[in-house]
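1. Need coordinates for the following:
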Amino acid sequence: MADTPKSRPADEPGDQPFPNGSGSLEELRHLILAPEQKALERLNDRIENPESRTEDVSGVVAEAIQLRREQGGSDALSDALAPTIESALRESVRRDPTTLADALFPVMGPAIRRSILETLRSFLDSFNQILDQSLSWQGLKWRVEAMRTGRPFTEVALLHSLVFRVEQVFLVHKKTGLPIGHAVASAVAMQDPSLVSGMLSAIQDFVRDSFHTGQGQGVNRMNVGDLDVWVEIGPYAILAAVIRGVAPRALQERMAETLENIHAEYGGPLDRFDGDTAPFANINKELSRCLEAKFKEDSQPRRYGYAFASGAVLLALVGGWLGWRWWQYDRWSGLVATLGEQPGLTITSFGREHGRFVIRGLRDPLASDPQKFIEAAHLDPTQAEFHWGPYYALDDTLVQQRAISALDPSPGVSLSVKDGVLHLSGQPRAKWLSDLRSRALLIPGIRGLDLGRFSPEQLAFDEAKGKIQTAVIKFPVASAALSSAERANLKSFIPELKDLLNSPATPHGGVAIEVVGHSDATGAESANQNLSQRRADRIAWELIQFGIPGATLRAQGVATAEPVRPEDSEQNRQYNRSATFRVIVVPSVQP
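-> Below you'll find the predicted structure:
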C-alpha cells in the first residue's frame, strides 16, 4: 500500500505552477514511484553496509552448510574450512593449551589405556613363554648362545620358539607408489611406510623394465636378512607382508583374499586415489587380519627336575664367580698391606673401579718399586691401576740414602741417620766437613747433625799435622848441607807449620815441632849420631829463618835408630840421609 503524500511547503517545486500542467505530472510520478524508490534505498543500504550484510549471513550460515553437505559438496566444503579451522586450533593452543586438553581428555584417556593394555598383554605372553624356557636345559643353551652372539636372551628365545610371525603389513597404491595403509604387530619396531612403499615400487619397476614382464606381474617374494617379504599384486594396490620365520601356504591365500576384499570394498577410491588417505581410514583393520603368529608347542610334559638342576648349576656358577672375585680381592688386599709396610710408600685408598683395582697413595722417589712386589705375589699388573703422589718420607733408611746422595762423602767416610739426626764416622776432609753444616740441614728428614769428635778446625789441624809429619828433607852423603831444591821443599811447608802453631784445635796448651835428623847405616855409629844431629840443627835454623819461632822448635839426631825406610836399596838409603818432623802437643802448665 502506497504512503499518503505529505503536504509540502509552498516553496517546493511541486507547489509551483508549471507550464502546460507539468507540476501535476511530477506529483503523479511521485505518488506512483515513491514506495519502490524507498525500497531500493533500503536494499542498497543493506548491500553497502557491512554490519547489515554480516547480520544477514549469520542467520543462514548453518542452514547453508547443511544444504551444501546434502547436495554432495562435502569435499569442497572441507577444503574451504580446513585452513581456517587449523589456524584457529593453532592459535587456541598457543594462547591456552588447557582448553584443547580438556576437550580431548574423554577421548585420550581410553585410547592410551587401551594401547598400554595391548602392549602389556603382548609382553606378558612373550615373557611367560621365555620364563618357561629360562630354567630348563634348553634355556641354558639359549643363554650360552646369547652370550656368544651378543644378542639379548629374549631375542634368542623368541627366534628358537617362533615358527613364524607376520610383523608388518603394507598396502601400497600400485600406480603412484604411495602408502595407503600399514598394520604392525605388537612389540615390533615400526618402519616408515613411505620408505617401504617407495622401495617396493622401485623394485617392481626395476623387475618389469629389466625382464619385460607383463602387466600385473612382478616380484612375489624377497629375503632381507632374517625376514621374508611376501607380495600380492592387485589391479590398483599391492599388499606386502614382512614375515619372520617359515610361514605356511595358507598365509598367501589369506593375503590374496584380503587384497580381493579391499578391491571389492574400496575399488572406486583406489581408482581415483590422488594421495588422500581419508577414504581408507578403516583399512588398517582389514590389514590386521594378516598379522598372524605361531610358536612351537611343547609336546613333552615339563620336567621340573631339569629346572632345579639348571638352577643349581646357575647358583654354582654365580657362587664360583663371587668366590673368585673375593679371592682376587683378598690377594690384592694382601699386596696393599705389604706395600703399606714399605718405607716411602703410603696407601691412601684401595678399591675396585670399572672392573679394575685402583690403588692410590704417596711414594718417595727412593722407595722400592711396587712392581717387584706384584711379581712376587704372582698377580696380573693389568688388573690394577696405581696413582702415586710424590712426597718425601721421614724413614731413617730413606733419609740416609737421601743424605748420601746429596752430600757425596769421600771414601772412608760413613753417614748414618737415627731419629732424623745425621751421624758421621771415618776420616772426612776439612773442606767437605765445613760445607756439611750448611748443606745437611737442607736435606728433607734431617733434623739435627752429630759430628762427634769432628770439627772443621780439628780436621784442618789433623790434615796439616799429617802433611808435616810425612815430609822428608834429604841431604847429600856424609853432609849436613842443604841443596837449593830441598830448601825450596822445606819452604813449601812453612804455611802449614804456621797454621798448625796457630790452630785453635789444640786443647792442651800449645804445639811444638820436633826436627829429627837421620843417617844411613854406612860409617861408624858415633859419626852417624853427630851427622844426624847436625842435620836436625840445620833444619831448625832454616825454619827460624823462615819465621818459625825458635821456642817451638826442637832438634834431635837419632842416627840409624829410626830409619825412614829399610836399607835394601840405594834409593831407600837416600831417604835415610834426611830430616823428618814430629808434631808434639805441649800440655798447658797448671798453676
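2. In the stretch 151-300 of the chain, where is pLDDT below threshold?
-> By pLDDT under 70, the low-scoring segments of the stretch 151-300 of the chain are 151, 153-162, 187, 189-191, 204-218, 296-300.
3. which residue ranges form the strands in it?
-> 162-173, 179-184, 221-224, 227-233, 237-245, 293-295 (DSSP state E, counting those that start in this stretch).
4. Now render the ones you listed as JSON lines, adding mean neighbour count and distance to Asn572.
-> For the C-beta atoms, the positions are set from N, CA and C on the backbone; glycine is no exception. What follows is these, written out as JSON lines (neighbours: other CB atoms under 10 Å; distance: least, CB to CB, whole Å):
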{"stretch": "strand 162-173", "mean neighbour count": "22", "distance to Asn572": "113"}
{"stretch": "strand 179-184", "mean neighbour count": "21", "distance to Asn572": "119"}
{"stretch": "strand 221-224", "mean neighbour count": "10", "distance to Asn572": "111"}
{"stretch": "strand 227-233", "mean neighbour count": "18", "distance to Asn572": "112"}
{"stretch": "strand 237-245", "mean neighbour count": "22", "distance to Asn572": "113"}
{"stretch": "strand 293-295", "mean neighbour count": "16", "distance to Asn572": "117"}
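5. In JSON lines: those strands, plus distance to Ala82.
-> As requested, the strands of the stretch 151-300 of the chain are exported to JSON lines (distance: least, CB to CB, whole Å):
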{"stretch": "strand 162-173", "distance to Ala82": "23"}
{"stretch": "strand 179-184", "distance to Ala82": "21"}
{"stretch": "strand 221-224", "distance to Ala82": "39"}
{"stretch": "strand 227-233", "distance to Ala82": "34"}
{"stretch": "strand 237-245", "distance to Ala82": "26"}
{"stretch": "strand 293-295", "distance to Ala82": "40"}
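6. Pro50 is nearest to which of those strands?
-> For these, the distance to Pro50 is smallest for strand 179-184, at 46.1 Å, taking CB to CB.
7. Check which helices and strands the closest one sits against.
-> strand 162-173, helix 193-211, helix 283-288 (3 or more CB pairs under 8 Å, 6 or more residues apart in numbering; DSSP states H and E).
8. Reformat these as TSV; add distance to Lys141.
-> What follows is these, written out as TSV (distance: least, CB to CB, whole Å):
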stretch	distance to Lys141
strand 162-173	16
helix 193-211	35
helix 283-288	35
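9. Indicate which one of the ones you listed is closest to Phe357.
-> strand 162-173 (44.1 Å).
10. coming back round to it: looking at the strands of the stretch 151-300 of the chain, which is closest to Ala471?
-> Closest to Ala471 of the strands of the stretch 151-300 of the chain, according to CB to CB: strand 221-224, at 108.6 Å.
11. Just give me how far that closest one sits from the chain centre.
-> 44 Å (CA atoms, centre = their mean, to the nearest Å).
12. Name every sheet partner of it and say whether each one runs parallel or antiparallel.
-> Partners of strand 221-224 in the sheet, by DSSP bridges, are strand 227-233 (antiparallel).
13. returning to that earlier point: for Val313, find the nearest of the helices and strands packed on strand 179-184.
-> Val313 sits nearest to strand 162-173 of all the helices and strands packed on strand 179-184, at 26.3 Å, using CB to CB.
14. Tell me what angle the closest one forms with strand 179-184.
-> 160 degrees (axes from the mean of the first three to the mean of the last three CA atoms, to 10 degrees).
15. chain center to strand 162-173: distance?
-> Taking mean C-alpha positions (CA atoms, centre = their mean), strand 162-173 and its chain are 44 Å apart.
16. related to what we said a few turns ago, what's the closest of the strands of the stretch 151-300 of the chain to Gln533?
-> Gln533 lies closest, by CB to CB, to one member of the strands of the stretch 151-300 of the chain: strand 221-224, at 127.0 Å.
17. where does this protein have its least confident helix or strand?
-> helix 97-134 (a mean of 56; mean pLDDT, DSSP states H and E).
18. coming back round to it: Trp321 is nearest to which of the helices and strands packed on strand 179-184?
-> Proximity to Trp321 (CB to CB) singles out strand 162-173 among those, at 31.7 Å.
19. Dihedrals phi and psi, the residue most central in space within the chain?
-> The centroid of the chain falls nearest to His354 when counting by CA atoms, centre = their mean (11.3 Å). The phi and psi values for His354, taken as degrees, to the nearest 10, are phi 50, psi 40.
20. show me where the stretch 401-550 of the chain has helices.
-> Shown for the stretch 401-550 of the chain, the helices assigned by DSSP state H, counting those that start in this stretch span residues 430-440, 456-469, 484-491, 494-501, 525-545.
21. Of all the ones you listed, which one comes closest to Pro269?
-> Of all the helices of the stretch 401-550 of the chain, helix 430-440 comes closest under CB to CB, at 103.7 Å.
22. Mean confidence (pLDDT) on the closest one, please.
-> Averaged across helix 430-440, pLDDT comes to 72.
23. ok, now stretch 562-571?
-> On average, stretch 562-571 scores 89.
24. What residues sit buried inside that stretch?
-> Neighbour counts using 16 or more other CB atoms under 10 Å place 563-564, 567 of stretch 562-571 among the buried residues.
25. Give the helix, strand or coil label for the nearest residue to Gln342 once chain neighbours are set aside.
-> The shortest distance from Gln342 to any non-neighbouring residue, by CB to CB, 6 or more residues apart in numbering, is to Ser368 (5.4 Å). At Ser368 the chain is in coil, as set by DSSP: H, G, I helix; E, B strand; the rest coil.
26. How many neighbouring residues does Ser368 have?
-> 15 (other CB atoms under 10 Å).
27. pLDDT score for it?
-> For Ser368, pLDDT reads 86.
28. List the residues that contact it.
-> For Ser368, the contact set (CB atoms under 8 Å, 6 or more residues apart in numbering) comprises 342-345.
29. Of those, which is the most crowded?
-> Counting by other CB under 10 Å, top hit in the contacts of Ser368: Leu345 with 21 neighbours.
30. quick one, domains of the chain?
-> Residue ranges for the domains of the chain, per automatic domain parsing: 140-295, 318-382, 396-454, 459-586.
31. Distance to Glu51 for those - can I get that in TSV?
-> Output for the domains of the chain, formatted as TSV (distance: least, CB to CB, whole Å):
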stretch	distance to Glu51
domain 140-295	38
domain 318-382	78
domain 396-454	101
domain 459-586	126
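32. Which one, of those domains, ends up nearest to Pro97?
-> Nearest of these (CB to CB): domain 140-295, 26.3 Å.
33. now that closest one, how far from the chain's geometric center?
-> Offset of domain 140-295 from its chain centre (CA atoms, centre = their mean): 45 Å.
34. Please state the backbone phi and psi of the residue nearest to Gln342?
-> According to degrees, to the nearest 10, Ser368 has phi -70, psi 150.
35. which ones among the contacts of Ser368 are found in helices?
-> Judged by DSSP state H, helices contain none of these.
36. Going by distance to Arg254, which of the residues you listed wins?
-> Nearest to Arg254 among the contacts of Ser368, with distances taken as CB to CB, is Leu345, at 76.8 Å.
37. show me the contacts for the closest one.
-> Applying CB under 8 Å, 6+ apart, the residues near Leu345 are 339, 361-364, 367-368, 370.
38. still on that earlier bit, kindly present the helices of the stretch 401-550 of the chain as CSV, with separate columns for distance to Glu27 and mean neighbour count.
-> Below are those laid out as CSV (distance: least, CB to CB, whole Å; neighbours: other CB atoms under 10 Å):
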stretch, distance to Glu27, mean neighbour count
helix 430-440, 144, 15
helix 456-469, 156, 18
helix 484-491, 173, 13
helix 494-501, 165, 17
helix 525-545, 179, 19
